[in-house]
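J.: sequence first, predicted model second:
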Amino acid sequence: MTKQMYKRTIKVTIVMVLGLSLILTGCATKENKSDGALSEGQISIVTTIGQIAEPLSVIGGDKVNVQSLMGPGVDPHLYNATQGDIKKLDDSDIVFYSGLHLEGNMIEIFEEIGKRKPVLAIGEVVPKDQLLRDDADAVDPHIWFDIDLWKQALNSAVDELKNFSPDNAEYFEANKVKYFEELDALSKESKEKLAQIEKEKRVIVTAHDAFGYFGRMHDMKVVGLQGLSTEDEIGISDIDETIQTLLEHSIPAVFVESSINPNSIKAVIEGAASQNLNIKLGGELYSDAMGSEGTPEGTYIGMYRHNVDTIFKALTGSGE
Ligand code: ZN
């Protein structure tokens, strides 16, 4: 029968850095071995999520050195800065984060660092009437899934770079125009592909509610077991409600996310099976974290395309 209880796993982040002195023997101030040394004259940018870092590394070219604090599989809602992160933030010239309460545990750090250097929440430039809200009126922070909104956010970061380095303003602008053309092509390609999914199957079921903007952009219903933040609780009723939605719409597949424990989605599949409903695992989507560096999914465009292709295949039954 159905699972008795779905037990939420609470990740306890152990902050083990308090009181420890930095062990940085022999390191020069701005050197960072793992992320590549900063070249002469480069602007040092630190970001939270890869969805900010990677596009800015394309637009900034060799004038910038971009480091992202949150790599593949990392959940920004629960993320706590390490002592190493604080050092990176301290050593940087500019800090960009997404905001709208995505990086909920880092706000105080950003306020503190912001007293000394430009620190910008790029998602917070988006006009309020374009933002989605949940039933409790909380703003949905996952704006990178609406390509036009993400262009607005990235544009504000590029403006900040131009202010910081007016000599490179034309270079940044030219690179931005080129990159935004690629984003426009991605938008067109994604809309055309997802438009082919038949009407009653246009439902994306995932572990947490990260795909609201994606759904609005592509006219798809979105069901997240957890709310807008992974801090929200999941109850047995959420799982039952989701199974009812799957039944009503004859949805063939549900999706796990690369940065979220897959157990809740597995509970949906098992619960559906106990009601003789065969739901497939449609694959893994990149929601709040991108893929590994050096792979297509490690880029904003590549991870977006991966999601579109994965959703398309699972909901149309193609590629089986
Ligand atoms: Zn999220």
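T.: Okay, I see it. Numbers count the residues shown, from 1 in each chain.

J.: in what helix or strand does the residue most central in space within the chain lie?
T.: Note on the chain: the residue nearest the mean C-alpha position is Asp288, at 2.6 Å, using CA atoms, centre = their mean. Using DSSP states H and E, Asp288 sits within no helix or strand.

J.: other residues contacting the least confident helix or strand in the chain by mean pLDDT?
T.: Taking mean pLDDT, DSSP states H and E as the measure, the chain has helix 236-249 as its least confident helix or strand, at a mean of 88. With contact meaning CB atoms under 8 Å, 6 or more residues apart in numbering, helix 236-249 is reached by 2-3, 5-6, 200-201, 203, 205, 221, 223, 225-226, 251, 254, 264, 267-268, 271-272, 275, 277, 279. Where C-beta positions appear, they are placed from N, C-alpha and C, glycine not excepted.

J.: any idea how far Phe145 is from Thr82?
T.: In this view, Phe145 and Thr82 are 27 Å apart by CB to CB, to the nearest Å.

J.: who's more crowded, the two?
T.: Shown here are Phe145 and Thr82; by other CB atoms under 10 Å, Phe145 has more neighbours (22 against 14).

J.: please report phi then psi for the more buried one.
T.: Per-residue torsions, Phe145: phi -80, psi -10 (degrees, to the nearest 10).

J.: which residues does the residue nearest to it when sequence neighbours are not counted contact?
T.: Distances taken as CB to CB, 6 or more residues apart in numbering place Phe214 nearest to Phe145, at 3.8 Å, with adjacent residues excluded. By CB under 8 Å, 6+ apart, the contact set of Phe214 is Phe145, Asp146, Ile204, Met220, Val222, Asn307.

J.: let's see 10 Å
T.: Counting by CB atoms under 10 Å, 6 or more residues apart in numbering, Phe214 touches 142, 144-147, 190, 194, 204, 206, 220, 222, 285, 287, 304, 307-308, 311.

J.: what helix or strand is it located in?
T.: Using DSSP H and E, the element containing Phe214 is helix 212-218.

J.: domain map for the protein?
T.: 3-186, 195-316 (automatic domain parsing).

J.: lowest average pLDDT across those?
T.: When those are ranked by mean pLDDT, domain 3-186 comes last with a mean of 85.
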